[in-house]
Structures are given as C-alpha cells and as structure tokens.
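Q: Okay, predicted coordinates and the sequence, questions at the end:
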Amino acid sequence: MKELISLIDKKLDEYLQIEYPEDIFKAMKYTLSLPGKRLRPIMCLETARMLGCDINKALPSACALEMLHVQSLIHDDLPCMDNDDFRRGKPSNHKVFGEANAVLAGDALLTFAPQLIIEKSKDLTFEQIVKILHEYTKFAGAYGLIAGQVVDIESEGGKLVKSPQETLDFIHLNKTAVLFRLAVRIGSICANADEKTFNELDDFATKFGLAFQIYDDIMDEISTFEELGKSIGKDKASGKLTYVSLYGLDEAKNKFKTLINECYGIINKYESKIFREILKKLEHRILGEEE
Ligand code: GRG
C-alpha cells in the first residue's frame, strides 16, 4: 500500500504544475498534497490490477479521482457549508488562500480532473475514455456528490422530505459511497471487466462507502484532532443527522460490522491483499477492542 501511495503522490505532483496565475495553482496543490489516505485512487488502481490490467493505464483516472475528492473537501470546509478551519491536519484551503480562491481552486480541480483523464490516458481506447468521463460527470454532479451534499445541508436545518433513515441512506450513498463506486467502476472499465464482475464490484464499493461514512461518523465521536486532522465532535454540536445520532454508538458499530462483513463476502472471491488490508484497518480502528 505504501508504494501505491508514493506512486499516486508522485503522479499528482507531476500532473499539476504551478503555472501563471500562481495563486490558483498553489491553492489547488495545497490541499491535494497534504497527507490524505488516498483511498479512492488506491481502490481504482487495485480494482484494475486485480482484474488483470496494468495499473499505469488507470493512473491518470486514479489521480483525477483524488482531485475530485479534494475539490469536495475544499468546498465542504467553506463557511457557507461545514465551516471547518482544519483539514488533513492543517488550516483549511480558505483559511490559507481566502474564500474566493478556495471556491475557484475547487472549481479548477473539478475541471482539471477530466482534462487530465483525456490528455494522459494514452493507453485507453476512446470508448473507455468516454465511458470514464460519463461516470465522472454523472457521479460528481446533481446525480451524485452534489445531491448528497444538498440533502446533508437540508437535513442539518431539520428539513426532511423523506424518513430519517431514507434521508441518511441518500446522504451516505451520494456524498460518500459515490466516489468509492466511481473508483471501482473506473478501475473495472480500464480492465474491460465483464458485466457480472462490474456489478459485483460496484456492490462492494457501495457497501464499503456506506461502512466508511458510518466509520467517519463514529470517529467524529471517539477520535481526536491529532488522529483525524480535522475538528471533531462537530456532528453532535451541529445536530447533524448521522448514523450515531439516529441509532446511537453501539447500533452504528453493529451496522458498520455487518457492512464490513458483506464487503469481505464479495472481495474474498478476488485476489486482493490491498482490499483486505483496507477493510482490516477500518475494522480494527472501530471494533479493535471487540475483536
Ligand atoms: C462536486 C461541485 C461539487 C461539489 C461537491 C462539497 C460537496 C459537493 C460534497 C461534500 C462531500 C464530502 C466532503 C463528503 C465527506 C466524505 C468523507 C467521509 C470524507 C473524508 O474522506 P477521507 O477520510 O479523507 O478519505 P482523506 O483526507 O484521508 O482523503
């Protein structure tokens, strides 16, 4: 996993060069180069590898995924959204570069990501690139990430159009699971996976994404700023709708455990040390004391 992270970091740095006007490129690079877990690009590359594809074919898309993820983090931290002063252990983008540049840096990452896929995916066919761009635009927009964020914000203000459970599922699926699905779906496209494999891995990514958001909600309760690199206890303070606020910590852990076991049920059919390592790490952090 360490080698994969180094490769992703190296490529992110190489793909995004500082040009004129420097302020925008510096703002884009700032949050991107802070130490994140790089889960989405890792999942994209590992899916491609485990299905027999050279990971170099998927590298531009994997880096584009991290750019999209970082864009969502920069915008999520803005005062008009979650209003967070810290991200990845350092001051948030808008705290360093100002709100206008943080908005623009997010927009620039969102648009640079597909540009990168088109310009650098030399070893993919046109058909594969079009399929990847279709997935990217669908999942990043109002049919994915943006929808999840809108309902999340609405729910914070107590505006629930659906039941709390349905609302929570919608938020988790669209705000979080969507990027893990995108990662695995793009990896599958790079590897020309058959329909059955494509759908099975998509199901794995959906369950993983739901488990990951519950993990994130639990960590907001039990972890520290030092471990997470961002403010903690904010969900509770803002009365946010989360699995923990709706069902309590124990039930959230049970749901997390069920989803992780379902993930193992799917991924154990494939040869992947890395996917099992990721599941183990999350499981250990949440259920360590119960294992
Ligand atoms: C696409 C235009 C456009 C807007 C995005 C702001 C927004 C709309 C969505 C917010 C999505 C969001 C921040 C979801 C939270 C998901 C989550 C659990 C993030 C933390 O991921 P980690 O732990 O972070 O993988 P690192 O820093 O390790 O990469």
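A: Sure thing, it's come through. Numbers count the residues shown, from 1 in each chain.

Q: Ala177: neighbouring residues, count only.
A: Number of residues near Ala177 (other C-beta atoms under 10 Å) recorded here: 24. Placement of C-beta: from N, CA and C, glycine included.

Q: isn't it right next to Thr206, touching?
A: Yes: using C-beta atoms under 8 Å, Ala177 is in contact with Thr206, at 5.2 Å.

Q: Point out the residues in the protein that sit beside the ligand.
A: Contact residues, the chain versus the ligand (C-beta under 6 Å from any ligand atom): 36-37, 39, 72-73, 75-76, 81, 88, 110, 140, 145-146, 149, 175-176, 213, 216.

Q: what's the next secondary structure element after the helix or strand containing Lys207?
A: In the assignment (DSSP states H and E), Lys207 maps to helix 195-222. Sequence order places helix 225-228 as the next helix or strand after helix 195-222, per DSSP H and E.

Q: quick one: average pLDDT of that next one?
A: Mean per-residue pLDDT for helix 225-228: 86.

Q: May I see the buried residues of the next helix or strand after it?
A: Beyond helix 225-228 on the C-terminal side, the first helix or strand identified by DSSP H and E is helix 234-237. Residues Asp235 are the ones in helix 234-237 that count as buried (16 or more other C-beta atoms under 10 Å).

Q: what is the rounded mean pLDDT of helix 234-237?
A: 74.

Q: now do stretch 95-115
A: On average, stretch 95-115 scores 98.

Q: ok, and what's touching the strand or helix carrying Ile117?
A: In this assignment (DSSP H and E), Ile117 forms part of helix 99-120. Under the criterion C-beta atoms under 8 Å, 6 or more residues apart in numbering, residues 15-16, 23-24, 27-28, 30-32, 59-61, 63-65, 67-68, 70-72, 74-75, 77-79, 92-94, 97, 129, 132-133, 136-137, 140 lie in contact with helix 99-120.

Q: Mind jotting down where the helices sit in the stretch 1-150 of the chain?
A: Assigned by DSSP state H, counting those that start in this stretch, the stretch 1-150 of the chain shows helices spanning 2-15, 22-33, 39-50, 55-76, 93-97, 99-120, 126-140, 145-156.
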